[in-house]
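3D, please:
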Amino acid sequence: MRQKIPRGRDHSFYELIQTYKKRPADKLKEPDHMQPAVITLLKTIKDAVGSQHRVYDPHSRGLFPQPAQGRIDVTLMTGNNINSYTYVVAFAELKLSQSGLSAAFGQSVTRLQLLFEQQPDRSTAYFFAMTPYEARVVRVQRHGHQKDSWHFTADSLPPLSLSCTDSPALCTPTELAPAVLAIAQVFATSSEQLGWRPPTDTQQEQLNEGLLHNIQLLCWGTRMGIASRVFTAKLNKEDKGDEDVVVKQGCATREVEIMEFLNQHPSEHVPRLIQVLDKDSWVIKSGDQQLRSIVIKPLYEPLAADDGADVLAQVAADLACTIDWLCNQLMVIHRDVSPNNIGKYSVDGHDRGALYDFSVAKRVSNFPEKHSEGGAAKNLTGTPCFVALSLLSDVHNAQHTISSHLESLYLSLRHIIMPLPDVWVFEENSSVSRWANTRRGCMMRPQLQLNALQNSSNPREQQLGFFLNKLHSLFWPSDEQGAYGYRTNVSVANFVEVCRAVNPRLLIDSIPLQNPTEQVGPAIAGAAGVAVGAVAGAAASVPRGRGSR
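Here you go, the predicted structure:
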């Protein structure tokens, strides 16, 4: 009988090294074995030197969810906004291969590019490239600050051992592994000395509802080639004190109008517009456009696999019902359901779902509505990695429907729970047809990965695997011969039914659902050339919960 490989959460980094020496690399998994062990090691170093840096595992915490951003393996953060590159002080990239330092270094270049973009005033950064045997501590210096002209140079210590011969990584108080000593020096250094600069804006604004202050940059972004920024801030009300709000700079007129329209139909599942900022300091001029800033609340929390299946099922059900409410009652189509645009909030002791960022949303007179024209993937509406296959394929009418939004929601949840493969990351000018074929191939072969999660010995992972498998089967059902088909008429009732199978105590707001047979699209032939007929679910009567409509 094979001995089970210990997971890093339950064993020291030294034990991982010893296990690594006895087992081939293909029997170990970076997320299950190395990553938790490195987190344990770094937290031990942090506590030993009394560092104020905060160590996070972005994979289990659901941080930096978009594939295009590249999810860092380990982050050293400062402040409270742990889901933003703006607050990354240093980071680590891990590789199981003994010769993986070069690969980890190369992967870090992509992270550094985004780090410097999100921290435009920063000129110095540090990162660790680590394998189970050794590590390199690298300092990077940026030269120039123009967006398209800056470059950086790197210097580092030579590869240092992570173990003292056959002793543990933290051998004795007087005998430390060379790499541990180097990493400890980084932890003992302040955030500012490591190159990080506080993104606080000293500007204050008097709003109708109170004083806007403590404005901190959360992230930079680009939409339609126009740079925009998102800030967190405090809104001080004399009678209530401070509350957390979000300031979004670079909003087109259509987004402002949609937010004003949503204010007339308040819901806790979408943000509320507090005020539009028209001062020159908050306006971005782009050609003939005047892109204004908006103040909205609340500040929602990002989703993570650690939330567990019960919470994610509740959030998913809330989001599905919110999508139906927006599309069929308000005639507002979001068109960008993706991991960065969904989150949660807590009310009455329950976590509930929220949908935000209406920058590409649209009010329509007829629903469903076709997506933007164009043969390049970047011309698709929304975040390409999470666009429904029906919007990528010429077989379909390329319409934004309830089902296409729900498919994007499923893909987002799947990526939050287990990151999607790198092949999903869209190249700048990739054709729609190419990515349709890539997506179709990936979705017809996911079951081994999903089944491995469902068959895990960890009960939490079993539930998450069960949830993903059920959602996957909604859009990619298989017949008795194992051939896959593709459904384009999944209803909110179908989706909520899966969520209820995971969380029987589901709370559903009183949103009337449309008949699931109303939005019906064609099916794509399965892997064996057999199209599996889409089985329209019976219209479900959704129980009333805490109503917010």
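
contact partners for Phe105?
Going by CB atoms under 8 Å, 6 or more residues apart in numbering, Phe105 touches 93, 129, 136, 138. Glycine gets a C-beta too; all of them are placed from N, C-alpha and C.

can we see that at 10 Å?
By CB atoms under 10 Å, 6 or more residues apart in numbering, the residues touching Phe105 are 93, 95, 127, 129, 136, 138, 154, 156.

can I get those residues in CSV including pLDDT and secondary structure?
Formatted as CSV, those follow (pLDDT from 0 to 100; DSSP: H, G, I helix; E, B strand; the rest coil):
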residue, pLDDT, secondary structure
Glu93, 90, strand
Lys95, 86, coil
Phe127, 91, strand
Ala129, 88, strand
Arg136, 88, strand
Val138, 89, strand
Ala154, 75, strand
Ser156, 74, strand
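
where does the stretch 1-150 of the chain have low pLDDT?
Low-confidence segments of the stretch 1-150 of the chain, defined by pLDDT under 70: 1-27, 59-71, 79-83, 144-150.

now with 90, please.
Flagging of the stretch 1-150 of the chain using pLDDT under 90 yields the residue ranges 1-50, 52, 54-87, 94-123, 128-138, 140-150.

and the helices in it, which stretches?
Per DSSP state H, counting those that start in this stretch, the stretch 1-150 of the chain carries helices over the ranges 13-22, 35-49, 58-61, 101-118.

of these, which is nearest Gln203?
Gln203 lies closest, by CB to CB, to one member of those: helix 101-118, at 19.5 Å.

pull the longest strand from the protein.
Across the chain, the longest stretch assigned as strand under DSSP state E is strand 210-223.

continuing past it, what's the next helix or strand?
Helices and strands here follow DSSP states H and E; after strand 210-223, the next one along the chain is strand 226-237.

in that next one, which residues are buried?
Of the residues in strand 226-237, 228-236 count as buried by neighbour count, 16 or more other CB atoms under 10 Å.

mind putting those into JSON lines with pLDDT?
Converted to JSON lines, the buried residues of strand 226-237 look like this (pLDDT from 0 to 100):
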{"residue": "Ser228", "pLDDT": "76"}
{"residue": "Arg229", "pLDDT": "83"}
{"residue": "Val230", "pLDDT": "88"}
{"residue": "Phe231", "pLDDT": "88"}
{"residue": "Thr232", "pLDDT": "89"}
{"residue": "Ala233", "pLDDT": "91"}
{"residue": "Lys234", "pLDDT": "92"}
{"residue": "Leu235", "pLDDT": "94"}
{"residue": "Asn236", "pLDDT": "93"}
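
among those residues, which one sits closest to Ser190?
Using CB to CB, Thr232 comes nearest to Ser190 of the buried residues of strand 226-237, at 22.4 Å.

show me what the closest one is bridged to.
Beta bridges link Thr232 to Gln216, Val246 when assigned by DSSP bridges.

so it sits right up against His213, yeah?
No: look at Thr232 against His213 with CB atoms under 10 Å: they stay out of range, at 11.4 Å.

correct me, but Leu194 touches Ser123?
No: counting by CB under 10 Å, Leu194 sits too far from Ser123 to count as a contact (11.4 Å).

ok, the two, which is more surrounded?
Leu194 (19 against 16; other CB atoms under 10 Å).

check contacts around the more buried one.
Leu194 neighbours (CB under 10 Å, 6+ apart): 53, 76, 78, 89-90, 122, 124-126, 139, 186-187.

may I ask which two of those residues are separated the most?
It's Arg122 and Phe187 that sit farthest apart of the contacts of Leu194, by CB to CB, at 18.8 Å.

give me the buried entries from the contacts of Phe105.
Buried by 16+ other CB under 10 Å: 93, 95, 127, 129, 136, 138, 156, out of those.

turn those into JSON lines, including distance to Arg292.
Output for the buried ones among the contacts of Phe105, formatted as JSON lines (distance: CB to CB, whole Å):
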{"residue": "Glu93", "distance to Arg292": "39"}
{"residue": "Lys95", "distance to Arg292": "45"}
{"residue": "Phe127", "distance to Arg292": "37"}
{"residue": "Ala129", "distance to Arg292": "43"}
{"residue": "Arg136", "distance to Arg292": "46"}
{"residue": "Val138", "distance to Arg292": "41"}
{"residue": "Ser156", "distance to Arg292": "45"}
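
closest to Glu268 among these?
Closest to Glu268 out of the buried ones among the contacts of Phe105 is Glu93 (38.9 Å), distances taken as CB to CB.

what's near enough to touch the closest one?
70, 72-74, 100-101, 103-111, 127-130, 138.

for it, which non-adjacent residue is spatially closest?
The shortest distance from Glu93 to any non-neighbouring residue, by CB to CB, 6 or more residues apart in numbering, is to Ala104 (4.1 Å).

try Pro199
Leaving aside its chain neighbours, Pro199 sits nearest to Leu217 (3.6 Å; criterion: CB to CB, 6+ apart).

by mean pLDDT, point me to the weakest helix or strand of the protein.
Across the helices and strands of the chain, mean pLDDT, DSSP states H and E gives its lowest value to strand 170-172, namely a mean of 46.
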